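Q: model the structure of this input:
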Amino acid sequence: MKTDSLVTLDRNHLIHPVVNYRAHEQRGVAVLESGQGAYLRDSNGNELLDAFSGLWCVNTGYGHESIVRAAEEQMRKLPYATGYFHFGSEPAIKLAAKLVELAPASLQRVYFGLGGSDAVDSAIRFIVNFWNALGKSEKKHFITVERGYHGSSSQGSGLTALPVFHRNFDVPLPNQHRIPSPYPYRNPVGSDPAAIIDASVAALRNKVQELGSDRVAAFFCEPVQGSGGVIVPPKGWLKAMQDCCRELGILFVVDEVITGFGRTGPMFACEAEGVTPDLMTVAKGLTAGYAPMGAVLMSEAVYQGIAEGGGAEFPIGHGQTYSGHPVSAAVALEVLRLYEEGGLLQNGIDQTPRFEEGLRSLLKHPLVGDARNRGLLGALELVADKEAKTRFDPALKLADRIFETAYRNGIILRAFGDNILAFAPALCYTGQDFDRLFERLERTLNAVLEQPDVRRALRY
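A: Take a look at the predicted model:
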C-alpha cells in the first residue's frame, strides 16, 4: 500500500499512544517498514539509526532470524495455551524457571502478563491481596518517586509521577504518594552522592511516618528513572531504599521494565548493588519487543501469604487471557539465550565506555548542560544557561525541533518536553554505530543551535 494511503488511514482510524491527537492528525504518521541490526527503514526509503531500541525494548536489535524461527516453530506446534484451569505450556514453564535462575535470589515466583503497565497493575493487586491475607487491611497506601514512570494502567498511571499521565484521568488516587527524585543534576542538597541518598531515605521515612507505617503497603522505584528523563541515582541509592523499606515494614518493589536485560550492564540493575526486592516488574527487553510480554517476579514470602490467604476453596481472582502466552515465552527464551550465549550482554558492557565517552564529549556543546548514563541507558539535558541550569522556554518547542532534525539526519532518539534527550542503543551496537550516532547527533545539535530564536535564548 502506498505511504499516502497509509497516512490517511492512520489519521482517520488509529489512536496512537502518548501523542497530542490534534498534532498527530496534522503531522501524519511516519511509517516504519523494516529493521536490521541497529537500523530501521521507513516507507520513504530513509535509513535510520535507532538510538532508542524502539521504546527502550529492542535490546537485541532487529532481524534476528533465530528469534523469528523460535516464534514460527511455536506457532506451528501450539500457538496458544491458556494458563487457566491448571493448564500450561512448556515455553512458559521453562521461562519462569529461567527468570528465577537469573533474577535476584529473593524472587522465586513469576506471573506473566502482556507488558510493563499490566505487570505494575498486577503487582499492585498482588500487594493488596497479600496484606489483606495477612489481616493488615489498612496497608493500602503506595509511595513512589517524583518523575518516576510505572505505566499507564488505571492504577499504575497514578504511581507514575509525570503530569501528562494524570491530566484528565483522575489520578493519582488518594492512596498514592510521592517523594522527591534523587536527581543529581537538580537536587536541592547538591550533587554529593551521600547527601542525595540520605535525603531520599529521610524523605521516605518521613512520608511513611506521616501516613503511618501500618497504612503503607509498598514503595515502588526504578533503578534509573527512565521516562522521567534518565535520572541516574548515585550508586548505593537503591540498596539504601531497600534497607529503609525493610526497617519500616513495607514491601520494596523494583520496576526493571526499562533497566532489565542488560540495559544498565548486568542482566538486572539490582545486581549492581546486591538488591533483593520483594517484587520486581519486567517487560521490554524480556522479548526484545519481538512479542508482547511482561512479568511480575515475587518473593516466596509474598507468594505464600497470598496462597494461604486464598484458603482451600477459592481461586486467587487475578488473570489475563494471554498470561504465559507460549509464542511470547518461546521468543523470550531465545532472546535470553542471545543475551548470554550470543554475547549480547557482554557486547553491551564492552561498548558502554564508547557510549559514555560520546555523551560526555557533547558537554562542550553550547546546548548541553548535563550528560549521564548507566550502561547503555543515557541522556543529554539541554539548558539555556549552563551555570544556572536554566531550562529553555517551553514555547520554543525545542524537543520537537530536536526530534525532527534528528530524524532528517538519520537518528531516532527520545526528546522529552523538558528538553532531555534520551538514548537506549541496542546491545548489538558496534563502535562504528556509535561513531555514526555521535556524528549525526552533533550535526543535529548544531543545526538547531543555528536557528535564530534558539541562539537568542542562550545565555553564555
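Q: so Arg337 sits in a helix?
A: Yes. The assignment for Arg337 is a helix, going by DSSP: H, G, I helix; E, B strand; the rest coil.
Q: now for it: which residues touch it?
A: Applying C-beta atoms under 8 Å, 6 or more residues apart in numbering to Arg337 gives the contacts Ser66. Where C-beta positions appear, they are placed from N, C-alpha and C, glycine not excepted.
Q: same deal with Gln176?
A: 141-142, 144, 158-159.
Q: now, which of those residues sits nearest Ile179?
A: Thr144 (7.9 Å; C-beta to C-beta).
Q: mind listing what's buried along stretch 81-98?
A: 81, 83, 89, 91-92, 95-96, 98 (16 or more other C-beta atoms under 10 Å).
Q: what's the answer for stretch 210-227, then?
A: 211, 216-227.
Q: again, but for stretch 450-460
A: 454, 457.
Q: ok, now stretch 346-355?
A: Quick answer for stretch 346-355 (16+ other C-beta under 10 Å): 347-349, 351-352, 354-355.
Q: go on, stretch 149-160?
A: For stretch 149-160, using 16+ other C-beta under 10 Å, the buried residues are 149-153, 155-160.
Q: what of stretch 61-77?
A: Applying 16+ other C-beta under 10 Å to stretch 61-77 flags 61-62, 64, 67, 70-71, 74 as buried.
Q: could you list the alpha-carbon positions for that stretch in PDB?
A: The C-alpha trace of stretch 61-77 is given here as PDB (Å, rounded to 0.1, in the frame of the first residue of the first chain):
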ATOM      1  CA  GLY A  61      18.500  -5.200  17.600                       C
ATOM      2  CA  TYR A  62      16.300  -6.100  14.700                       C
ATOM      3  CA  GLY A  63      16.200  -9.000  12.300                       C
ATOM      4  CA  HIS A  64      17.400 -11.900  14.500                       C
ATOM      5  CA  GLU A  65      16.400 -15.000  12.500                       C
ATOM      6  CA  SER A  66      16.700 -17.300  15.400                       C
ATOM      7  CA  ILE A  67      14.000 -15.300  17.300                       C
ATOM      8  CA  VAL A  68      11.800 -15.500  14.200                       C
ATOM      9  CA  ARG A  69      12.300 -19.200  14.000                       C
ATOM     10  CA  ALA A  70      11.500 -19.700  17.600                       C
ATOM     11  CA  ALA A  71       8.200 -17.900  17.200                       C
ATOM     12  CA  GLU A  72       7.400 -19.700  14.000                       C
ATOM     13  CA  GLU A  73       8.100 -23.200  15.400                       C
ATOM     14  CA  GLN A  74       6.000 -22.500  18.500                       C
ATOM     15  CA  MET A  75       3.100 -21.100  16.400                       C
ATOM     16  CA  ARG A  76       3.100 -24.300  14.300                       C
ATOM     17  CA  LYS A  77       3.300 -26.500  17.300                       C
END
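Q: one step back: the buried residues of stretch 210-227 in helices, which ones?
A: Leu211 (DSSP state H).
Q: so where is the protein shaky, pLDDT-wise?
A: Scanning the chain for pLDDT under 70 picks out 460.
Q: Val448 contacts Leu398, doesn't it?
A: Yes. Counting by C-beta atoms under 8 Å, Val448 does reach Leu398; the two are 7.2 Å apart.
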